[in-house]
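[1] Could you work out the structure for the sequence below:
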Amino acid sequence: MTTPLHVLIHGGGIGGLTLATALARRGHTVEVVEARHELDALGVGIIQPSNALHAMDEIGVLDDCLRAGFEWEVLTIADPTGATLAEIPQPRMGDTPSNNGIPRPALARVLGAAATAAGATIRFSATITELTDDGAGVDVTLSDGSSGRWDLVVGFDGIGSPLRSRLYGDRYTPQYTGFANWRVTVPRLPEVRGVVMGVAGQEAKALLTPITDELMYLGAVFAEAEDFRPDPERALEQLRERLAAFSGPVAQALASVTDPAGVVYSRISQVTVEDPWHVGRVVLAGDAAHASTPHLAQGAAMAVEDAVVLAHALDAQADVPGALKAWEERRRPRAMWVQALSRAVLKQEMGGATTPEEDELLEVGIPGAAHVLVKPY
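    Numbers count the residues shown, from 1 in each chain. Alright, predicted model coming up:
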């Protein structure tokens, strides 16, 4: 497509800012609207596997991500005491590193700066309130009272996507898996130079993930009732109870935490939009279209792949509808495979019953999945 487009991105998270940078660098007029009042980021840290880093390289921020994070190459499986059971080298996509751990706020700053430098505009404390697609463009009114007309509207607005609800009603609400993620940021132990997965049977697994030279995060997944929420005053104690089988580095990490407010708890849910991800000139991407469990560390990676592939499709196709069709045909199989395998790994790790289809996926395994995912997206 040779004519510059006016593009509105609903959501200033990882995927939205990646797309904003990719499109603005190509000469398109891009505006990002974000409900929050600044580009902060909830949570602790995130893993950028090699395919995500390849996307960061495409938009020119790979070195910034590596400087802000902690590059690593080997996944270590350990027993509850921290003794090594296996070391699994991680593959690379092209010349990009195997993995990078990075604090979420640091990644938000890197991507926000890149989008702004590329020429995108980021508007805070605003959401879409009205939207009319007449086939030739999309008229949008925002919550701050402003309005405009856009060639393309992209919903990178997360698992609870308001834009998805506007397009599909309540057909694709997040589905709770029965499990939740506990995470807390702690000082990095010198011996933790890559992800260390501590295993105590099928009852408990804990991950130590380095995110800077000084910091790592401790993460653990447990079955939790849908209505359970940690007691704000006892959250640290509740996490310690769940990780009581561990000694060694996991226990050492927990011992360094004194404030229960540092414990981040999030339910693990999925979203699968089975209808086309685009309706006219409005498209959903990332978690808004295909949120997965975190068991392949590919949620954010799928979002940034969505972003760079959408930019590629807009380059290659003659018009917006053709680009959206080509983009979805390319992205849906890969994103759905990641979602299905992630859910199967969750069940396997937690001792849940798997379907024959999931058993077939599990024959690939996490190492096999890593090798698949460093192939071109």
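[2] Sheet partners, orientation included, of the strand ranked longest in the chain?
    For the chain, the longest strand by residue count, based on DSSP state E, is strand 175-187. Here strand 175-187 is paired, per DSSP bridges, with strand 215-223 (antiparallel), strand 264-270 (antiparallel).
[3] Nearest approach to I122 belongs to which of those strands?
    For I122, the closest of the strands paired with strand 175-187 is strand 264-270, at 24.9 Å, according to C-beta to C-beta. Where C-beta positions appear, they are placed from N, C-alpha and C, glycine not excepted.
[4] pLDDT (mean, whole number) over that closest one?
    Over the span of strand 264-270, the pLDDT mean works out to 96.
[5] next one: it to chain centre, how far?
    Put simply, strand 264-270 sits 12 Å off its chain's centre (C-alpha atoms, centre = their mean, to the nearest Å).
[6] how about the longest helix seen in the chain: buried residues?
    If you go by DSSP state H, the chain has its longest helix at helix 320-349. Residues of helix 320-349 classed as buried by neighbour count (16 or more other C-beta atoms under 10 Å): 320, 323-324, 326-328, 330-331, 334-335, 337-349.
[7] do stretch 197-208 as well
    Buried, per 16+ other C-beta under 10 Å, within stretch 197-208: 197-200, 204-208.
[8] how about it as PDB, C-alpha atoms only?
    The C-alpha trace of stretch 197-208 is given here as PDB (Å, rounded to 0.1, in the frame of the first residue of the first chain):
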ATOM      1  CA  MET A 197      12.200 -23.700  37.200                       C
ATOM      2  CA  GLY A 198      11.900 -25.400  40.600                       C
ATOM      3  CA  VAL A 199       9.700 -28.500  40.600                       C
ATOM      4  CA  ALA A 200       8.100 -30.100  43.600                       C
ATOM      5  CA  GLY A 201       5.900 -32.900  42.100                       C
ATOM      6  CA  GLN A 202       2.800 -31.700  40.300                       C
ATOM      7  CA  GLU A 203       1.700 -29.700  43.400                       C
ATOM      8  CA  ALA A 204       4.100 -26.800  43.000                       C
ATOM      9  CA  LYS A 205       6.300 -25.200  40.500                       C
ATOM     10  CA  ALA A 206       8.200 -22.000  40.900                       C
ATOM     11  CA  LEU A 207      10.200 -19.900  38.400                       C
ATOM     12  CA  LEU A 208      13.000 -17.500  39.100                       C
END
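[9] residue ranges with poor pLDDT in the stretch 201-350 of the chain?
    Residue ranges of the stretch 201-350 of the chain with pLDDT under 70: 203.
[10] which residues sit against stretch 166-178?
    Outside stretch 166-178, the residues that touch it by C-beta atoms under 8 Å, 6 or more residues apart in numbering are 128, 131, 159-160, 164, 223-224, 226, 267-275, 279, 282, 284, 291, 293, 343, 346.
[11] Looking at those, which are in strands?
    Filtering the contacts of stretch 166-178 for strands - DSSP E - leaves 128, 131, 223, 267-270, 279, 282, 284.
[12] the helices in the stretch 151-300 of the chain, which residues?
    Here the stretch 151-300 of the chain has its helices, by DSSP state H, counting those that start in this stretch, at 162-168, 235-242, 248-255, 287-290, 299-316.
[13] Of all those helices, which one comes closest to T76?
    helix 248-255 (10.3 Å).
[14] Report the buried residues of that closest one.
    So helix 248-255, judged by 16+ other C-beta under 10 Å, has buried residues 248-254.
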